[in-house]
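> only geometry, no sequence info:
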């Protein structure tokens, strides 16, 4: 019971999707006594069209191959024209880069020379100042030493005896001793100044050597710069001449290349269009084959009438009568054949098949009771507006002429009748094309 319930739910879902296609304008179906012959004729016609399209595609692809080869030649010629110009252009770029580097190096070197020259002048000025200071210190020390020597000729005893008091004697002796300490400090300062002068003299000597070397390097760099600038001028003149030639040749080659590209694009578009048409035709052939297979399953004589004799109350096709709501927004096309014999008339299966759905398959969108039978190959028959009495169930096999329900007026119906419809792979077909 559970398995049958799940199967019924699945079938109802599939049926709901198929019913939503009811509002789609079906292709008109010509009334014919032999649907199989019509399908075969259409199929043969489409297969002939496909053969023509395949030949056209083969021709287009052959042309595309030749065009691709011409495009490759045009591209190679353009590269050849560009090659020589590009070599000279690269040389000019390289020399220009070298000139820029030499200019930068020379500028840096000249800056260093200027800085070193300024530093050496500052050192020379410092040496001059310290030399004058040293001379002053040396003269002062000489004066002190001379005074000390003159004072050393008088003994300390004489200083004590000649002093008016002991305090005066002590002050004079202390003065003599203090002068001696100042002379020692002055001598130490003179030694320090001489040492500093020696260091700065060495710095000055070394700096002048470095300055001379830098000026020699600057002269060499300037000479190299002049040579490279001359080379650059020559290359630029050559490049100007080559550029004119290159532009003329490039324009001609690009015109050829663009013409080839445009032809190739046009050819690709043609191939795509033919391929799309071929795909559409192949899909139609497949559909017709499916319809042919489905129709062949019905057997000799096609379908039998689900009610017979009967009265047709509404034919398949466009109508001004408002039908049941369409879920695709189209509600003025009658998708089946309405027939009536009276409420409770038995309704019979039109051909052998398996019940796909029964009861109220489209509930709640449509409360009508009905039965859907699969006949294989995508072919279905629909029996609608039955009495609310279910006598067949999903999955049940039925045979032609077997009673599957009774005429009623359930759902969107204004009176008792049977809505009989034929659906092939989701498309509605005129039931009269399948009935004897």
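On my side now, so go ahead. Since this is a predicted model, take the numbers as computed values, not measurements.
> Every contact and neighbour count from this point should use C-alpha atoms.
Fine.
> Pop the domain breakdown of this structure in here.
The chain resolves into domains spanning 2-29+316-433, 67-267 when parsed by automatic domain parsing.
> All the helices of this protein, residue numbers only.
Under the criterion DSSP state H, the chain contains helices at 2-19, 35-151, 156-162, 166-298.
> for the shortest one, what is the average pLDDT?
The average pLDDT within helix 156-162 is 63.
> again with the last one
Throughout helix 166-298, pLDDT has a mean value of 77.
> Ok, the first one next?
The predicted model gives helix 2-19 an average pLDDT of 41.
> how close does residue 104 get to residue 110?
Counting by CA to CA, to the nearest Å, the gap from residue 104 to residue 110 is 10 Å.
> shouldn't residue 420 be in contact with residue 429?
No. Because the distance of 10.8 Å does not satisfy CA atoms under 8 Å, residue 420 is recorded as not touching residue 429.
> thinking again about what came up before, now tabulate the domains of the chain in JSON lines and tack on distance to residue 51 and mean neighbour count.
Formatted as JSON lines, the entries for these read as follows, by distance: least, CA to CA, whole Å; neighbours: other CA atoms under 10 Å:
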{"stretch": "domain 2-29+316-433", "distance to residue 51": "25", "mean neighbour count": "19"}
{"stretch": "domain 67-267", "distance to residue 51": "20", "mean neighbour count": "15"}
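> Quick one, which of those domains gets closest to residue 283.
Ranking the domains of the chain by their distance to residue 283 (criterion: CA to CA) puts domain 2-29+316-433 first, at 12.7 Å.
> Spell out which residues are contacts of both of residue 420 and residue 429.
residue 336 (CA atoms under 8 Å, 6 or more residues apart in numbering).
> For residue 47, grab the count of nearby residues.
Here the neighbour count serves as a burial measure; for residue 47 (other CA atoms under 10 Å) it reads 17.
> Could you double-check that it lies in contact with residue 283?
No. Judged on CA under 8 Å, residue 47 makes no contact with residue 283 at a distance of 11.1 Å.
> Spit out the residues that contact those two alike.
For the pair residue 47 and residue 283, no residue contacts each of them under the criterion CA under 8 Å, 6+ apart.
> does residue 335 really touch residue 314, like I thought?
No. The pair residue 335 and residue 314 fails to qualify as a contact (CA under 8 Å) at a distance of 10.1 Å.
> could the domains of the chain go into a markdown table alongside distance to residue 279?
What follows is the domains of the chain, written out as a markdown table (distance: least, CA to CA, whole Å):
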| stretch | distance to residue 279 |
| --- | --- |
| domain 2-29+316-433 | 19 |
| domain 67-267 | 18 |
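> Residue 275: which of those is closest?
domain 67-267 (12.1 Å).
> Tell me the pLDDT of residue 417.
Among the per-residue scores, residue 417 shows a pLDDT of 96.
> shouldn't it be in contact with residue 339?
Yes. Taking CA under 8 Å as the definition, residue 417 is a contact partner of residue 339 at 5.7 Å.
> dump the residue contacts of residue 404.
Taking CA under 8 Å, 6+ apart as the contact definition, residue 404 lies against 346-349, 371, 391-392.
> can we see that at 6 Å?
Contacts for residue 404 (CA atoms under 6 Å, 6 or more residues apart in numbering) come out as 347-348, 392.
> Out of those, flag the one nearest to residue 407.
Once CA to CA is applied, the member of these that ends up nearest residue 407 is residue 347, at 6.5 Å.
> Relative to residue 310, how far out is that closest one?
Distance of residue 347 to residue 310, computed by CA to CA: 11 Å.
> got it, and residue 404?
17 Å.
> Then residue 236?
Distance, residue 236 to residue 310, by CA to CA: 101 Å.
> and what of residue 262?
Summarising the geometry, the distance separating residue 262 from residue 310, computed by CA to CA, is 66 Å.
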